[in-house]
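Peer 1: from the sequence below, what's the structure:
(one chain, ligands or ions: 2)
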Amino acid sequence: MAGVSFRNITKVFGKDVKAVNNLNLEIKDGEFMVLVGPSGCGKTTALRMIAGLEESTDGDLMIGETRVNDVPPKDRDIAMVFQNYALYPHMTVYENISFGLRLRELGGLFWQLTHAAEAKKVKESIDARVQEAAKMLSIEHLLQRRPKELSGGQRQRVALGRAIVRKPKVFLMDEPLSNLDAKLRIQTRAELVKLHRQLNVTTIYVTHDQVEAMTMGQRIAVMKDGLLQQCDTAEKVYNEPANMFVAGFIGSPPMNFMDAKVENTAGKFMVNCDDFSLPLKPGHAAEKLVGQAVKLGIRPEAIFDAAMNNPIPTTPENTITAEVDVLEPLGHQYIAYLKVGDHSFLASLDAGTKIQIGTNAKFALNLDSLHIFHPETGEAIR
Ligand SMILES: Nc1ncnc2c1ncn2[C@@H]1O[C@H](COP(=O)(O)OP(=O)(O)O)[C@@H](O)[C@H]1O
Ligand SMILES: [Mg+2]
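Peer 2: Ligands and ions are numbered 1, 2, ... in the order given. Got it, this is the predicted structure:
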């Protein structure tokens with residue numbers, strides 16, 4: 001087992017496509033790390049550099065204590081699982097899973113004939129590992145089938161089995177669940193987390209799906225345009241996003257942003273959005289920005305129907321009146337599209353809400369979770 005470190009890693013394609021830009025990231029031994037970000041942000045490139053399928057332009061890549069920049073892929077002791085599981089169609093599941101091991105650990109036919117006893121031992125050990133992996137993935141009953149006789153989910157398990165039996169130092173997974181339907185994706189997601197708990201192997205998992213990232217990662221590394229934006233636990237990234245990009249990318253529906261200005265109204269620090277004004281938490285770093293423009297961020301989950309029983313109290317300070325533009329029922333909640341003056345924003349409301357489209361209603365905002373950002377850099381101010 002081993003951790004993985006990117007140290008000032010840059011990858012440039014052609015003349016000037018910086019797929020990965022000066023990446024510094026330490027993945028701990030045994031950790032489940034998720035790289036997440038929109039398409040094209042450099043996730044796959046970062047993963048392929050660990051695998052040795054892509055050479056870095058600059059920086060040091062470490063697996064454990066070893067600098068692996070010049071170590072060929074086959075000697076890196078990693079196993080990769082892709083979105084396209086690429087099973088051999090003419091082989092059974094058993095053969096697919098054992099193929100790599102047989103290739104690596106068994107000599108050729110001549111060796112097998114001249115070293116019969118040794119060959120038998122190797123075959124038995126391979127068999128034991130295939131059976132163990134199959135059991136772990138609940139595919140023991142499928143071992144004699146061919147890939148075309150399997151469902152998408154079962155095929156993905158076989159691909160996982162092929163990676164597991166190698167007992168690698170590091171697992172790399174590039175959007176391995178993308179080809180599964182929504183229900184199976186959620187189920188397999190949980191199984192992968194469980195599997196990681198059992199195997200405890202360092203795992204780097206790539207996805208563009210922020211829900212997948214939040215639910216699976218012990219830590220999440222959010223990337224944009226080849227640049228690491230923030231790396232922390234799901235809770236931290238959600239509650240204390242480093243900048244507007246992370247704030248808007250993590251969470252669903254996304255955070256609402258509004259132009260605002262910091263004011264000192266009779267000794268009280270406020271963020272003023274023209275149509276309404278909210279008090280800053282005492283001691284907030286934005287108190288130093290009186291008179292300056294900022295971006296105010298409010299998550300849809302931080303907005304409550306003031307007529308209901310809420311986890312936060314309704315006070316004159318935290319309550320605004322808004323027009324209900326659209327209401328989308330989701331069963332357990334409503335997504336409300338609200339309007340105050342020129343501002344439009346989303347609120348996730350409890351399903352018990354009695355608000356009506358086209359009417360005005362009062363909404364209470366959780367003042368503890370207001371986010372303030374620098375209007376140009378987008379950096380969080382807190
Ligand atoms: N082999 C390549 N040649 C040229 N550009 C590439 C190559 N692979 C990736 N890129 C570019 O690098 C950037 C990052 O790509 P990629 O790592 O695949 O992103 P992601 O996996 O996050 O979608 C993109 O702009 C992509 O077009
Ligand atoms: Mg990719």
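Peer 1: quick one: residue 317 from residue 364, how far?
Peer 2: In this view, residue 317 and residue 364 are 10 Å apart by Cβ to Cβ, to the nearest Å. For the C-beta atoms, the positions are set from N, CA and C on the backbone; glycine is no exception.
Peer 1: which of those two has more neighbours?
Peer 2: The neighbour comparison of residue 317 against residue 364 (other Cβ atoms under 10 Å) goes to residue 364, with 22 against 13.
Peer 1: excluding its own residues, what touches the helix or strand encompassing that one? List them.
Peer 2: Using DSSP states H and E, residue 364 falls within strand 360-365. Outside of strand 360-365, the residues within contact range by Cβ atoms under 8 Å, 6 or more residues apart in numbering are 278, 298, 302-307, 310, 312-315, 318-324, 338, 347, 355.
Peer 1: now intersect the residues you listed with the strands, please.
Peer 2: Among the contacts of strand 360-365, the members falling in strands (DSSP state E) are 278, 298, 303-305, 319-324, 338, 347.
Peer 1: which residues of the stretch 1-150 of the chain lie near ligand 1?
Peer 2: Counting by Cβ under 6 Å from any ligand atom, the stretch 1-150 of the chain comes close to ligand 1 at 13, 14, 17, 19, 37, 39, 40, 41, 42, 43, 44, 45.
Peer 1: per-residue pLDDT of residue 106, please?
Peer 2: If you check residue 106, the pLDDT there is 88.
Peer 1: next: the one 10 residues further on.
Peer 2: Model confidence at residue 116, expressed as pLDDT, equals 90.
Peer 1: one more: residue 195?
Peer 2: 91.
Peer 1: try residue 9
Peer 2: For residue 9, pLDDT reads 98.
Peer 1: okay if I get the ones in strands among the contacts of strand 360-365 as TSV plus distance to residue 165?
Peer 2: Output for these, formatted as TSV (distance: Cβ to Cβ, whole Å):
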residue	distance to residue 165
278	56
298	49
303	50
304	51
305	53
319	60
320	58
321	62
322	57
323	60
324	56
338	54
347	49
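Peer 1: out of the residues you listed, which are buried?
Peer 2: Among those, the ones that count as buried by 16 or more other Cβ atoms under 10 Å are 278, 298, 303, 304, 305, 319, 320, 322, 324, 338, 347.
Peer 1: list the contacts for the first one?
Peer 2: Contact analysis of residue 278 by Cβ under 8 Å, 6+ apart lists 270, 271, 296, 317, 318, 365, 367, 370.
Peer 1: and the pLDDT at it?
Peer 2: pLDDT at residue 278 comes out at 97.
Peer 1: the second one too?
Peer 2: What the model reports as pLDDT for residue 298 is 98.
Peer 1: likewise the fourth one?
Peer 2: In this prediction, residue 304 carries a pLDDT score of 98.
Peer 1: separation between it and ligand 1?
Peer 2: 36 Å (Cβ to the nearest ligand atom, to the nearest Å).
Peer 1: the fifth one now?
Peer 2: Using Cβ to the nearest ligand atom, we find residue 305 at a distance of 39 Å from ligand 1.
Peer 1: helix or strand: which one has the residue nearest to that residue when sequence neighbours are not counted?
Peer 2: Spatial nearest neighbour of residue 305, chain neighbours left out: residue 353 (4.5 Å); criterion: Cβ to Cβ, 6 or more residues apart in numbering. For residue 353, there is no enclosing helix or strand under DSSP H and E.
Peer 1: state the distance from residue 353 to residue 336.
Peer 2: Where residue 336 is concerned, residue 353 sits at a distance of 8 Å (Cβ to Cβ).
Peer 1: which of the two has more neighbours?
Peer 2: Per other Cβ under 10 Å, whichever of residue 353 and residue 336 has more neighbours is residue 336, with 24 against 18.
Peer 1: surely the more buried one meets residue 329?
Peer 2: No - using Cβ atoms under 8 Å, residue 336 is not in contact with residue 329; the gap is 10.3 Å.
Peer 1: wait, what's in contact with residue 338?
Peer 2: 303, 322, 323, 324, 325, 344, 345, 346, 347, 363.
Peer 1: so what pLDDT did residue 91 get?
Peer 2: 96.
Peer 1: contact partners for the residue nearest to it when sequence neighbours are not counted?
Peer 2: In this structure, residue 91 finds its nearest non-sequential neighbour in residue 99, 6.6 Å apart by Cβ to Cβ, 6+ apart. Applying Cβ under 8 Å, 6+ apart to residue 99 gives the contacts 88, 91, 162.
Peer 1: let's see it at 10 Å
Peer 2: 87, 88, 91, 126, 162, 165 (Cβ atoms under 10 Å, 6 or more residues apart in numbering).
Peer 1: phi, psi of it?
Peer 2: phi -50, psi -50 (degrees, to the nearest 10).
Peer 1: what distance do you get for it to residue 209?
Peer 2: Taken as Cβ to Cβ, the span from residue 99 to residue 209 is 30 Å.
Peer 1: and for residue 313?
Peer 2: Relative to residue 209, and taking Cβ to Cβ, residue 313 is found at 35 Å.
Peer 1: before we move on, what about residue 58?
Peer 2: In terms of Cβ to Cβ, residue 58 sits 30 Å off from residue 209.
Peer 1: next structured bit after the host helix or strand of residue 135?
Peer 2: Assigned by DSSP H and E, residue 135 falls within helix 116-136. Counting by DSSP H and E, the next helix or strand C-terminal to helix 116-136 is helix 152-164.
Peer 1: chain center to the helix or strand just after that next one, what's the gap?
Peer 2: Remark: after helix 152-164, the chain's next helix or strand is strand 170-174, criterion DSSP H and E. In terms of Cα atoms, centre = their mean, to the nearest Å, the centre of strand 170-174 is found 13 Å from the chain centre.
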